[in-house]
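Participant: What would the 3D arrangement of this be:
(one chain, ligands or ions: 2)
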Amino acid sequence: MPAVTIPPVAHYDPTPGTKEEIDYAAVPIIDFAKVGTPEGRAALAPQVRDAMRTYGFMCIVNHGLTQAQNERMVDIANVPFTEVPEEEQAQFISKTKELGEWKGYKPRQYWHVDNGVRDQIQHYATVRPAFGQQHPRALQPFLPEVHGFMEHNHFNVLHQILRLLALGLELPEETFVERHHFDVEGLTFLRFAKYYPRTDDDEVKTKNVWMKGHTDSGTISLLWSQPVVALQIMTPDGKWRHVKHVPNSIIVNAGDAMEMFSGGFYKATIHRVVQPPIDQRGFTRLGLLYFAYADADVKLVPCTDSPVLQRVGITRKVEDKDAPTMQMYSSMRASMYGNSEVERKADGVDEQIVSGLVVRHYN
Ligand SMILES: O=C(O)CCC(=O)C(=O)O
Ligand SMILES: [Fe+2]
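Facilitator: Numbering: from 1, shown residues only. Ligands and ions are numbered 1, 2, ... in the order given. The predicted structure is shown next:
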């Protein structure tokens, strides 16, 4: 058998952890060591149900990748930003506003943040299968690893979370798994995100907000925890609080589609990215994010056969007959995000109407 050679990649030095005192959100830590067995899932289901019902966020440890495998992916994630010449990057710009999809680069300054300030975040998005997309030359040697990382996210993490969320609603375990295929073309994608330090003027004009408060449009987002403390969530008491970095963990949140499937039972929690604490300023912030969506043609209506929902009641944002499909909803959201044509409400909340649903961005 030929030896498997792993192409070398430059190391991305992680930013040192902050030493500042920070008011962290009490995001529950969920240990996935036993998630592979029915007994393990039965024990985890109530923990996951409570976390996603109360916070809409949880932190998963023992997800099956080692620290070294995690670091290797972070190194690979830096390749599209550091190893691809600008002229070549220009050939792979995502047509997000035109097509409502994420594929390739989101350049810096693509979004309006606030008061005329544009973002300083660059993304590179890979759809599934990774081989079905054209990629810049420098990334090509790493595609088998990128694809393997997506498979790990999908089957070992996402599908297990979906099983636990179905159990939490007393639904058959595969209810949500069956709506999240990997091998068919769909909306789910992997994002490499690089946040660059900003000018003081930009910080003042945006009140230190780097990415506006929002809910994610899909079902489940997997944010691989990284050391720069800048992600905040709106906690149940209405305060913004930071999410703590737990080494080699995954921060998980539910998006709008999961909130709709669960009739409001699981919360699509508002979150945002802000300027890091003083000792972490001046560094870049590099993240791995896997955004899961239900299959494109699935309608975003509540699971009325859940005994739990029958007991606690269902909240709908639109009538079932008017509910959008996953494709309709996500592409509208993607094309409209960061667009200045929003209605400014008095309290610093911007509103847009997407497929008949009100979508809010919080400053
Ligand atoms: O970078 C992060 O920590 C979160 C980013 C985020 O919320 C998003 O890309 O939707
Ligand atoms: Fe998000």
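Participant: Leu164 contacts Ala51, correct?
Facilitator: No. Applying Cβ atoms under 8 Å, one finds Leu164 not in contact with Ala51, separated by 9.8 Å. Quick note: C-beta positions are derived from backbone N, CA and C, even for glycine.
Participant: could you pull out the helices for the protein?
Facilitator: Using DSSP state H, the helices found in the chain span residues 38-54, 67-82, 86-90, 96-99, 143-151, 159-168, 200-205, 256-261, 307-312, 326-336.
Participant: Including mean pLDDT, mean neighbour count and distance to Val228, could the ones you listed go into JSON lines?
Facilitator: Formatted as JSON lines, those follow (pLDDT from 0 to 100; neighbours: other Cβ atoms under 10 Å; distance: least, Cβ to Cβ, whole Å):
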{"stretch": "helix 38-54", "mean pLDDT": "98", "mean neighbour count": "17", "distance to Val228": "23"}
{"stretch": "helix 67-82", "mean pLDDT": "98", "mean neighbour count": "18", "distance to Val228": "12"}
{"stretch": "helix 86-90", "mean pLDDT": "98", "mean neighbour count": "11", "distance to Val228": "23"}
{"stretch": "helix 96-99", "mean pLDDT": "87", "mean neighbour count": "14", "distance to Val228": "24"}
{"stretch": "helix 143-151", "mean pLDDT": "96", "mean neighbour count": "18", "distance to Val228": "21"}
{"stretch": "helix 159-168", "mean pLDDT": "98", "mean neighbour count": "23", "distance to Val228": "25"}
{"stretch": "helix 200-205", "mean pLDDT": "97", "mean neighbour count": "14", "distance to Val228": "15"}
{"stretch": "helix 256-261", "mean pLDDT": "98", "mean neighbour count": "26", "distance to Val228": "26"}
{"stretch": "helix 307-312", "mean pLDDT": "98", "mean neighbour count": "14", "distance to Val228": "37"}
{"stretch": "helix 326-336", "mean pLDDT": "90", "mean neighbour count": "22", "distance to Val228": "25"}
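Participant: Which one of those lies nearest to Glu20?
Facilitator: The closest of these to Glu20 is helix 200-205. By Cβ to Cβ, the value is 16.8 Å.
Participant: so what does the closest one touch, helix or strand wise?
Facilitator: Counting contacts by 3 or more Cβ pairs under 8 Å, 6 or more residues apart in numbering; DSSP states H and E, helix 200-205 is packed against no other helix or strand.
Participant: got the end-to-end distance for stretch 217-228?
Facilitator: This stretch, stretch 217-228, spans 24 Å end to end (Cα to Cα, to the nearest Å).
Participant: An error on my part: the question was meant for stretch 100-107.
Facilitator: Start-to-end, stretch 100-107 (Cα to Cα) is 15 Å.
Participant: For it, buried residues please.
Facilitator: By 16 or more other Cβ atoms under 10 Å, the buried positions in stretch 100-107 come out as Gly100, Glu101, Trp102, Lys103, Gly104, Tyr105, Lys106.
Participant: quick one: contacts for the second one?
Facilitator: If you count contacts by Cβ atoms under 8 Å, 6 or more residues apart in numbering, Glu101 has them with Ser94, Lys95, Val127, Leu187, Ser331, Ala334.
Participant: how close does the second one sit to ligand 1?
Facilitator: Distance of Lys95 to ligand 1, given as Cβ to the nearest ligand atom, to the nearest Å: 18 Å.
Participant: same thing with the fourth one?
Facilitator: Leu187 sits 14 Å away from ligand 1, taking Cβ to the nearest ligand atom as the criterion.
Participant: ok, that residue touching Met326?
Facilitator: Yes. Using Cβ under 8 Å, Leu187 is in contact with Met326, at 6.5 Å.
Participant: tell me, what's touching the two both at once?
Facilitator: Gly218, Tyr293, Ala296.
Participant: can you put those residues in CSV and add distance to ligand 1 and neighbour count?
Facilitator: Listed next are the shared contacts of Leu187 and Met326 as CSV, based on distance: Cβ to the nearest ligand atom, whole Å; neighbours: other Cβ atoms under 10 Å:
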residue, distance to ligand 1, neighbour count
Gly218, 10, 25
Tyr293, 13, 24
Ala296, 20, 17
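Participant: Just the ones of those residues in strands?
Facilitator: Using DSSP state E, no member of these sits in strands.
Participant: Identify, from those, the entry nearest to Ile250.
Facilitator: Gly218 (15.3 Å).
Participant: contacting residues for the closest residue to that closest one other than its chain neighbours?
Facilitator: Excluding its sequence neighbours, the residue lying closest to Gly218 (Cβ to Cβ, 6 or more residues apart in numbering) is Tyr293, at 3.9 Å. With contact taken as Cβ under 8 Å, 6+ apart, Tyr293 is in contact with His180, Gly186, Leu187, Thr188, Ser217, Gly218, Thr219, Ala257, Met326, Ser330.
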